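K.L.:
Mind folding the following:
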Amino acid sequence: MTLSKESVQRSVKIGGPEAGDITLGYYEAGPDTQPSDVGGGLPLVMLHGGGPGASAWSNFGGALPTFAATFRTLLVDQPGFGRSDKPPVVGNYYRHAADYVVKLLDELGIDRVHLLGNSLGGGTAMRLALTYPDRVGRLILMGPGGLSLNLFHADPTEGVQRLMDFGADPTRDKLRAFISTMVVNQALVTDELVEERFADATAPGAQEAMRSMGMSFWNPETAEDGMLWREAHRLRKHTLLTWGREDRVNPLDGAFAALKLIPKAQLHVFPNCGHWAQIEAAEEFAEVSMAFLRRHVERPRKDTA
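P.N.:
Residues are numbered from 1 along each chain as shown. The predicted structure is shown next:
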């Protein structure tokens, strides 16, 4: 299946009680309906990470054809990123974004979905599953923010420090330094990728949105709400934790608390892989994720999915 970016991009305006109406961009492909015995018939929503210039397409555009061959798949630009509007963050970003994703699902008439989130998107997916458990089937969390608790690595990690360096002085060199922490294979850090991400990261409103998002994790009044590892024991969803063994943003030791605390968690580790498993270990990532999603069966008690 070949999908062009233009052929699958969509947008919808939704209301928010704090920030007012905003437009969310997303990309959609796959069957309108699927057999109930394939992942319980649920669509799949993918939520991207939060680095400079990140977007749904930059994180998951390459993976979309594989997943859309089986699932109705939506790649969502979270608030403040990509083609979505960039309102100030109200409260902690994970809750802010999760509320808007649910409003998007309501607007599209989608009751329940599987969620796949990378880094920042993993934190949004986790918060959504905790706050709206009846809306979620299964979770795939890729080096998720908020849930990752570094046991042996310093905070901030190398990747987060380079993200902060870019935020303080947004240059191409600092963006390249940040992107280089995403992958083991440095051949993936191309000039074209740096230019594309730099254009998005310096677009009107992008820097302000990044600062607003970042402050929601540093402000004492909102930061604690983002410490999702403290609530991990409440999650009752089947959860696949995926990690690159060489992740320099949310290192592998950050997985162990979540693996212990989430009752239905399992962990898959990709060798010779950094923070972008969907890109650096694309084939294996798709195989593992699809197998996990296909095992889902809808049951009368939705909170035990």
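K.L.:
For the rest of this, base every contact and every neighbour count on C-alpha atoms.
P.N.:
Noted.
K.L.:
helix, strand or coil for H233?
P.N.:
helix (DSSP: H, G, I helix; E, B strand; the rest coil).
K.L.:
To what extent is it buried, counted in neighbours?
P.N.:
H233 has 15 neighbours, counted by other C-alpha atoms under 10 Å.
K.L.:
I figured it hits L261, correct?
P.N.:
Yes - with contact defined as C-alpha atoms under 8 Å, H233 and L261 form a contacting pair (5.0 Å).
K.L.:
list the contacts for the residue lying closest to G25 once chain neighbours are set aside?
P.N.:
In space, and not counting its chain neighbours, G25 is closest to S11: 4.3 Å by C-alpha to C-alpha, 6 or more residues apart in numbering. Shown in contact with S11 (C-alpha atoms under 8 Å, 6 or more residues apart in numbering): 23-26.
K.L.:
Let's see which of the residues you listed end up in strands.
P.N.:
When DSSP state E defines the strands, the subset of these inside them is 23-26.
K.L.:
CA atoms only for the one helix or strand the residue nearest to G25 maps to, dumped as PDB, please.
P.N.:
Per DSSP states H and E: S11 is located in strand 9-14. The C-alpha trace of strand 9-14 is given here as PDB (Å, rounded to 0.1, in the frame of the first residue of the first chain):
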ATOM      1  CA  GLN A   9      -4.400  14.400   5.800                       C
ATOM      2  CA  ARG A  10      -7.500  15.600   7.600                       C
ATOM      3  CA  SER A  11      -8.500  18.300  10.100                       C
ATOM      4  CA  VAL A  12     -11.400  19.000  12.400                       C
ATOM      5  CA  LYS A  13     -12.400  21.800  14.700                       C
ATOM      6  CA  ILE A  14     -13.200  20.900  18.300                       C
END
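K.L.:
got the CA positions of the lengthiest helix in the chain in CSV?
P.N.:
Taking DSSP state H as the criterion, the chain has its longest helix at helix 93-108. Taking Å, rounded to 0.1, in the frame of the first residue of the first chain, the C-alpha atoms of helix 93-108 are listed here in CSV:
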residue,chain,number,x,y,z
TYR,A,93,0.3,18.6,29.0
TYR,A,94,-0.6,14.9,29.1
ARG,A,95,-4.1,15.7,30.5
HIS,A,96,-4.4,18.7,28.2
ALA,A,97,-3.7,16.6,25.1
ALA,A,98,-5.6,13.6,26.2
ASP,A,99,-8.8,15.7,26.7
TYR,A,100,-8.4,17.0,23.2
VAL,A,101,-7.8,13.6,21.7
VAL,A,102,-11.1,12.4,23.3
LYS,A,103,-12.9,15.4,21.9
LEU,A,104,-11.5,14.4,18.5
LEU,A,105,-12.8,10.9,18.8
ASP,A,106,-16.2,12.3,19.8
GLU,A,107,-16.3,14.5,16.8
LEU,A,108,-15.5,11.5,14.5
